[in-house]
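*Asks:* next come a sequence and a model predicted from it.
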There are 2 protein chains.
Amino acid sequence: MPSLSVGQYSLVFNMLSLAVAAMLGSFAFFVMSQKIIGAKYRISMIVSSLVVLIAGYHYYRIMGSWEHAFTLVNGAYVASGLPFNDAYRYVDWMLTVPLLLVELVLVLNLTKDSTGPMLKKLIIAAVLMIGLGYPGEISNDLMTRNVWGVLSTIPFLYILGVLWGQLGAQLANSSEKVKVLFTNIRYLLIATWGFYPIAYAIGTWGGTKSPEAVVAVQVGYTIADITAKALYGVMIFVIAYQKSKEDGSLPSMIEEKQLSR
Amino acid sequence: MPSLSVGQYSLVFNMLSLAVAAMLGSFAFFVMSQKIIGAKYRISMIVSSLVVLIAGYHYYRIMGSWEHAFTLVNGAYVASGLPFNDAYRYVDWMLTVPLLLVELVLVLNLTKDSTGPMLKKLIIAAVLMIGLGYPGEISNDLMTRNVWGVLSTIPFLYILGVLWGQLGAQLANSSEKVKVLFTNIRYLLIATWGFYPIAYAIGTWGGTKSPEAVVAVQVGYTIADITAKALYGVMIFVIAYQKSKEDGSLPSMIEEKQLSR
């Protein structure tokens, strides 16, 4: 690791801590929000809560690894000799990225016949996408990074194809509000997931070990993770809430019906 | 950091620990209290619980940072050389202050049409208020602190304007009891939120690094946070309970109705 100024070191550390807090808070929200939506949408909130719980654990570990990788010497943070463990991120993505696709498909509550095969294809593509990126991420060789980066992009494009094609077609019968919410969440997904290859490219083209590149990659990954997991889960909640309202399964609506009897 | 007497160091440390205990206890209360109010008010208790969970995490971290920033030498606490991380507070406020406004608007259970746009404006103003304060907080230059302090006050005044104007007008149809409760919580909000700029000014005018200023700012922020988050959440609960009672949706009232059938 390169030497960092106090400002650079603290920026990354505070972003990592922000991620822990955001994952912890959103975990509690996704657990409790299950009580205020219809029963058949609760599974998507369960899956959302798993994603941020796993991510919260990993961010807690990354924060510790970041702390141990540096020592404060004469007003600057120099490498302590202990390695900064970047693999936490890949382990996290391997578990959480397939789950993010699962929650999106489940909240739409499609017919059982189309849900199963679609989930299978999306999960396999997500695992391939993460797995193929890793050999490039840990390499310092420009050519190696490019080859694995391109290979990893193929399943990413396949996932986008499914979300816009096959899954989009299933929404024909949804209300206008649900269609708008679904369009928004797909754009959020593209914007946040699209950030990962950019951070990967920063690591490739800007030189992987300059202080600015290290800080930019860590801050970028952290913002992308908070958006793609916590904010994305809140958007899934909004879709679940809207669909519950439309089919009358909101607990508050059921209660109101009981009260007026 | 300046050198502190044992009394000064311990006062701050024990206040931080009090905050951890208060946030932890109120988190458990806000989670469990959802079962004794009407279904449509539960969302406000969910949001209250997130606020104190996130704040509890940050106070736990601040307590650790305070411990590591000092070493006990010859009966006095002198700076250890490790920085005291003040950014935890700003990261916390960035997440929790918008949520405090969300819980206040949600507990009133207004029509959906007016809730959405009002929340959007309040959240943006809250983020601006915190974001504009931070550059001043970390600066030791008097002029810089004043400029950012004034900028940060503008969205604060805007928020007060919305709470007293637009939101107050929505309450015309509420019962007298709810109006009184809502008036009280707005005064609590002004009194506690108004404390932050005072602590900010103490840091600016009294010199940021005298032992007395450091202790006053930490103790002041801690009291303000406990009041503005835990006590405020309890007041939100009282409003939710009163409104549930008025519309007959208290679970105990529903139970009684079922028993007498």
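*Replies:* That came through, no problem.

*Asks:* in chain A, which spans are helices?
*Replies:* A:6-33, A:42-68, A:87-107, A:112-137, A:142-164, A:166-169, A:176-193, A:195-205, A:211-225, A:232-246, A:251-259 (DSSP state H).

*Asks:* mind listing what residue A:128 touches?
*Replies:* A:152, A:155 (C-beta atoms under 8 Å, 6 or more residues apart in numbering or on different chains). In short, each C-beta sits where N, CA and C put it, glycine included.

*Asks:* which pLDDT value belongs to it?
*Replies:* In this model, residue A:128 is scored at 96, pLDDT.

*Asks:* distance of the closest residue to chain B within chain A relative to residue B:261?
*Replies:* Proximity of chain A to chain B (C-beta to the nearest C-beta) peaks at residue A:252, 4.0 Å away. To residue B:261, residue A:252 is 22 Å away according to C-beta to C-beta, to the nearest Å.

*Asks:* out of those two, which sits in the busier spot?
*Replies:* Neighbour comparison, residue A:252 and residue B:261: the larger count goes to residue A:252, with 18 against 6 (by other C-beta atoms under 10 Å in any protein chain shown).

*Asks:* for the stretch 1-150 of chain A, what lies in contact range of chain B?
*Replies:* With C-beta under 8 Å from any C-beta of the partner chain as the criterion, the stretch 1-150 of chain A meets chain B at residues A:6, A:10, A:13-14, A:17-18, A:20-22, A:24-25, A:28-29, A:32-33, A:35-36, A:72.

*Asks:* picking that back up, and the pLDDT for the residue of chain A closest to chain B?
*Replies:* pLDDT, residue A:252: 92.

*Asks:* again, but for residue A:211
*Replies:* As predicted, residue A:211 sits at a pLDDT of 89.

*Asks:* go on, residue A:137?
*Replies:* pLDDT for residue A:137: 83.

*Asks:* try the one 4 residues further on
*Replies:* According to the predicted model, the pLDDT of residue A:141 comes to 84.

*Asks:* residues in contact with it?
*Replies:* Applying C-beta under 8 Å, 6+ apart, no residues contact residue A:141.

*Asks:* pretty sure residue A:68 sits against residue A:83.
*Replies:* No. Using C-beta atoms under 8 Å, residue A:68 makes no contact with residue A:83, being 9.1 Å away.

*Asks:* weakest of the helices of chain A by average pLDDT?
*Replies:* helix A:195-205 (a mean of 78).

*Asks:* can you tell me what sits against that one?
*Replies:* Helix A:195-205 is contacted from outside by A:133, A:136-137, A:142, A:145-146, A:149, A:152-153, A:156, A:213, A:216-217, A:220-221, A:223-224, using C-beta under 8 Å, 6+ apart.

*Asks:* in that helix, what counts as buried?
*Replies:* A:195, A:196, A:197, A:199, A:200, A:202, A:203, A:204 (16 or more other C-beta atoms under 10 Å in any protein chain shown).

*Asks:* can you check stretch A:17-33 too?
*Replies:* Those would be A:17-33, for stretch A:17-33 by 16+ other C-beta under 10 Å.

*Asks:* in contact with the nearest residue to residue A:60 once chain neighbours are set aside, which residues?
*Replies:* Ranked by C-beta to C-beta, 6 or more residues apart in numbering or on different chains and with sequence neighbours excluded, the top spatial neighbour of residue A:60 is residue A:20, at 5.4 Å. Neighbouring residues of residue A:20 by C-beta under 8 Å, 6+ apart: A:56, A:59, A:60, A:63, B:57.

*Asks:* now do the contacts for residue A:97.
*Replies:* For residue A:97, the contacting residues are A:126, A:129, A:130, by C-beta under 8 Å, 6+ apart.

*Asks:* what's the first one in contact with, if anything?
*Replies:* The neighbours of residue A:126, taking C-beta under 8 Å, 6+ apart as the test, are A:97, A:98, A:100, A:101, A:155, A:159.

*Asks:* could you do residue A:119 as well?
*Replies:* A:101, A:102, A:105.

*Asks:* number of nearby residues for residue A:161?
*Replies:* Residues lying near residue A:161 (other C-beta under 10 Å) number 12.

*Asks:* revised request: answer the last question for residue A:209.
*Replies:* The local packing of residue A:209 (other C-beta under 10 Å) involves 11 other residues.

*Asks:* grab the nearest non-local neighbour of it.
*Replies:* residue A:2 (5.6 Å).

*Asks:* would you confirm that the one you found contacts residue A:212?
*Replies:* No. Counting by C-beta under 8 Å, residue A:2 does not reach residue A:212; the two are 9.1 Å apart.

*Asks:* which one of these two has more residues nearby?
*Replies:* Neighbour totals were compared for residue A:2 and residue A:212, and residue A:2 leads with 16 against 13 (other C-beta under 10 Å).

*Asks:* please report phi then psi for the more buried one.
*Replies:* Per-residue torsions, residue A:2: phi -80, psi 170 (degrees, to the nearest 10).

*Asks:* and it, what does it touch?
*Replies:* With C-beta under 8 Å, 6+ apart, residue A:2 has these contacts: A:79, A:209, A:210, A:211, A:214.

*Asks:* so it versus residue A:13, what's the distance?
*Replies:* 16 Å.

*Asks:* got it, and residue A:53?
*Replies:* Using C-beta to C-beta, one obtains 22 Å as the distance from residue A:53 to residue A:13.

*Asks:* just residue A:229 next, same as before
*Replies:* 20 Å.

*Asks:* and what of residue A:71?
*Replies:* 14 Å.

*Asks:* the more surrounded of these two?
*Replies:* residue A:13 (18 against 13).

*Asks:* spatially nearest residue to the more buried one (excluding sequence neighbours)?
*Replies:* residue A:66 (6.1 Å).

*Asks:* residues near the one you found, how many?
*Replies:* 20.

*Asks:* surely it and residue A:84 touch.
*Replies:* Yes. Residue A:66 lies in contact with residue A:84 (C-beta under 8 Å); the separation is 6.2 Å.

*Asks:* what residues does the stretch 151-261 of chain A have near chain B?
*Replies:* A:251, A:252, A:254, A:255, A:256, A:258, A:259.

*Asks:* give me the neighbour count for the fourth one.
*Replies:* Other residues lying near residue A:255 total 17 when counted by other C-beta under 10 Å.

*Asks:* repeat that for the one 4 residues further on.
*Replies:* For residue A:259, the tally of surrounding residues (other C-beta under 10 Å) stands at 14.

*Asks:* what is the nearest of the contacts of residue A:119 to residue A:117?
*Replies:* Taking C-beta to C-beta as the measure, residue A:105 is the one of the contacts of residue A:119 closest to residue A:117, at 10.8 Å.

*Asks:* ok, now which ones touch that closest one?
*Replies:* Contact analysis of residue A:105 by C-beta under 8 Å, 6+ apart lists A:115, A:118, A:119, A:122, A:167.

*Asks:* my guess is the second one meets residue A:166, correct?
*Replies:* Yes. Judged on C-beta under 8 Å, residue A:118 makes contact with residue A:166 at a distance of 6.4 Å.

*Asks:* compare those two (neighbour count), which wins?
*Replies:* It is residue A:118, of residue A:118 and residue A:166, that has more neighbours when counted by other C-beta under 10 Å, with 18 against 14.
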